[in-house]
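> Here is the input, now give the coordinates:
(one chain, ligands or ions: 1)
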Amino acid sequence: MTTAPAIAIQKTTHSRLKETDFNNLEFGKYISDHMVMADWAKGEWSEPHILPFGELKMTPAILALHYGQAIFEGMKAFRMVDGNINIFRPQKHHERLIKSLDRMCMPEIPYDLFIQSLHALVELDKEWVPRSEGASLYIRPVVFASESRLGVKVSDFYKFVVMTSPVGPYYNKPFRLKVEGHYTRTAEGGTGFAKCAGNYGGAFYPTQLAKKEGFDQVLWTDHKEHKYIDEVGMMNVMFVMNGKLITPKLNTAILDGITRDSIITIAREEGLTVEEKRISIDDLEDGFKSKTLTEAFGCGTAAVVAPIAMINIRGIDYPFPPVDANSIQQRIKKRLLQIRTGAEPDRYGWNHIVRG
Ligand SMILES: *Cc1c(COP(=O)(O)O)cnc(C)c1O
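Numbers count the residues shown, from 1 in each chain. As a prediction, this is how the structure comes out:
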């Protein structure tokens, strides 16, 4: 067990804990009492400090707003069976944060600064970590260019802020998907592998169009031929075909999801064959026709596993059978939750424990 490092703390005088309806946690609606902040100036990060969550004073000329140097992470802390709290896979999230920062010409955040900030914040706001099954504390680190200046340049000033939000089990009815044959989320060589804000802004429009046509999300395909599958919505995508778990092989247009990695690890441990490879729309259509394609789901920190109800390929709706508790996706989701809550051993060193 790690003890909380010394970080300067300015506590709130008015906790919003009692005003928060823990029985009705809409994703991202409530933000916990405190946030951590550190500033980059003159080539170094300041010591992080904790303060009440609230407004920041900035001008509308900050470079992040104009030229898009803004990246984030999305992670979760879980209430464990012994009452302690587990921040899930912070090293892996930090590795990705570094890749995102690097791609956007932003300064690296040392692991010590990152984990100390998260640990101290979660420890201070530990009453915000929900106790009901499947609920968690969502952790949102964000880094953005804070230099106030209109000329196009790489910023010399940045802010690193971490906020948290109690979230319930994510329920979404199984997705209806449209294969995206025109727009792209990103292209190879672009910023798809980085968790940068602009990737989201650019994805809204094609998603809105798909919603108008009666779908919930788009199945993103490669930018050249719109033939190979990249991701679904803002999640990685997995299929069960011939009893094997298959998922698109990572490339620079695909976000290297930590849920994806955790699911692959657990699936292999369960003796399933996992293949990371290029998957074409034709492969899916063949799978539907031969009934060898039996499951499809999105995976990411927010939803963990999000079942797919049907995929529209070239105008034809191909449905999946309803998902039951014996499905591969539900079995793996359950194992993942057991590891996160300490109901089963943490064989891979994924858990970072904060005293509850
Ligand atoms: C964050 C994200 C994911 C999922 O990553 P996790 O680490 O599993 O949360 C997948 N795709 C995109 C585009 C993302 O931004």
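
> gap between the residue lying farthest from the centre of the chain and the ligand?
What lies farthest from the middle of the chain is residue 290; by Cα atoms, centre = their mean that is 33.5 Å. When Cβ to the nearest ligand atom, to the nearest Å is applied, the distance between residue 290 and the ligand equals 29 Å. In this view, the C-beta of every residue, glycine as well, is placed from N, C-alpha and C.

> so residue 220 makes contact with residue 181?
No: Residue 220 lies out of contact with residue 181 (Cβ atoms under 8 Å); the separation is 10.5 Å.

> So if I had to pick from those two, which one is more boxed in?
residue 220 (28 against 14; other Cβ atoms under 10 Å).

> Just want the phi and psi numbers for the residue farthest from the centre of the chain.
Main-chain dihedrals, residue 290, degrees, to the nearest 10: phi -90, psi 0.

> Repeat that for residue 267.
The phi/psi pair for residue 267 (degrees, to the nearest 10) reads phi -60, psi -40.

> In contact with it, which residues are there?
Contact analysis of residue 267 by Cβ atoms under 8 Å, 6 or more residues apart in numbering lists 245, 274, 328, 332.

> tell me the contacts of the residue farthest from the centre of the chain?
Under the criterion of Cβ under 8 Å, 6+ apart, the contact list for residue 290 is empty.

> need the contacts of residue 267 in a markdown table with secondary structure, pLDDT and neighbour count, can you?
Shown next, in a markdown table, are the contacts of residue 267 (DSSP: H, G, I helix; E, B strand; the rest coil; pLDDT from 0 to 100; neighbours: other Cβ atoms under 10 Å):
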| residue | secondary structure | pLDDT | neighbour count |
| --- | --- | --- | --- |
| 245 | strand | 98 | 23 |
| 274 | strand | 98 | 16 |
| 328 | helix | 97 | 21 |
| 332 | helix | 97 | 25 |
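
> nearest to residue 56, of the residues you listed?
Nearest to residue 56 among these: residue 332, at 39.6 Å, using Cβ to Cβ.

> quick one: contacts for residue 331?
With contacts defined as Cβ under 8 Å, 6+ apart, the neighbours of residue 331 are 270, 325.

> can the helix or strand harbouring it be found next to the ligand?
Secondary structure assignment for residue 331, by DSSP states H and E: helix 328-340. No: against the ligand, helix 328-340 shows no contacts by Cβ under 6 Å from any ligand atom, the least distance being 10.8 Å.

> Determine how far that helix lies from the middle of the whole chain.
How far helix 328-340 lies from its chain's middle: 17 Å, per Cα atoms, centre = their mean, to the nearest Å.

> buried residues in it?
By 16 or more other Cβ atoms under 10 Å, the buried positions in helix 328-340 come out as 328-330, 332-333, 335-337, 339-340.

> strand partners of the very next helix or strand once past that helix, parallel vs antiparallel please.
Remark: after helix 328-340, the chain's next helix or strand is strand 351-354, criterion DSSP H and E. Applying DSSP bridges, strand 351-354 is found paired with strand 85-88 (antiparallel).

> And the contacts of the partner strand?
Contact partners of strand 85-88, identified using Cβ under 8 Å, 6+ apart, comprise 75-80, 118-119, 122-123, 126, 129, 137, 139, 340-342, 350-356.

> Figure out how far that strand is from the centre of its chain.
For strand 85-88, the distance to the chain centre is 15 Å (Cα atoms, centre = their mean).

> Please see if that strand touches the ligand.
No: Strand 85-88 does not reach the ligand (Cβ under 6 Å from any ligand atom); its nearest approach is 9.9 Å.

> Please apply the same query to stretch 266-285.
No: Stretch 266-285 stays clear of the ligand (Cβ under 6 Å from any ligand atom), getting no nearer than 13.3 Å.

> Quick check: end-to-end length of that stretch?
One end of stretch 266-285 sits 27 Å from the other (Cα to Cα, to the nearest Å).

> How about the secondary structure of the nearest residue to residue 7 once chain neighbours are set aside?
Spatial nearest neighbour of residue 7, excluding adjacent residues (Cβ to Cβ, 6 or more residues apart in numbering): residue 120 at 4.4 Å. Residue 120 falls in the helix class when you classify it by DSSP: H, G, I helix; E, B strand; the rest coil.

> give me the number of residues near residue 120?
Neighbours around residue 120, by other Cβ under 10 Å: 23.

> quick one: it and residue 50 touch, right?
Yes: assessed by Cβ under 8 Å, residue 120 is found in contact with residue 50 at 6.2 Å.

> Do you have the strands of the stretch 201-350 of the chain handy? List them.
Secondary structure of the stretch 201-350 of the chain by DSSP state E, counting those that start in this stretch: the strands cover 217-221, 229-232, 236-241, 244-248, 274-277, 293-300, 304-313, 316-319.

> Quick check: residues of the protein near the ligand?
For the chain, the residues in contact with the ligand (Cβ under 6 Å from any ligand atom) are 74, 195, 231, 234-236, 255, 257-260, 300-301.

> Show me how to select, in ChimeraX, the buried members of these.
Buried residues among the residues of the chain next to the ligand (16+ other Cβ under 10 Å), as a ChimeraX selection:
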select :74,195,231,234,235,236,255,257,258,259,260,300,301
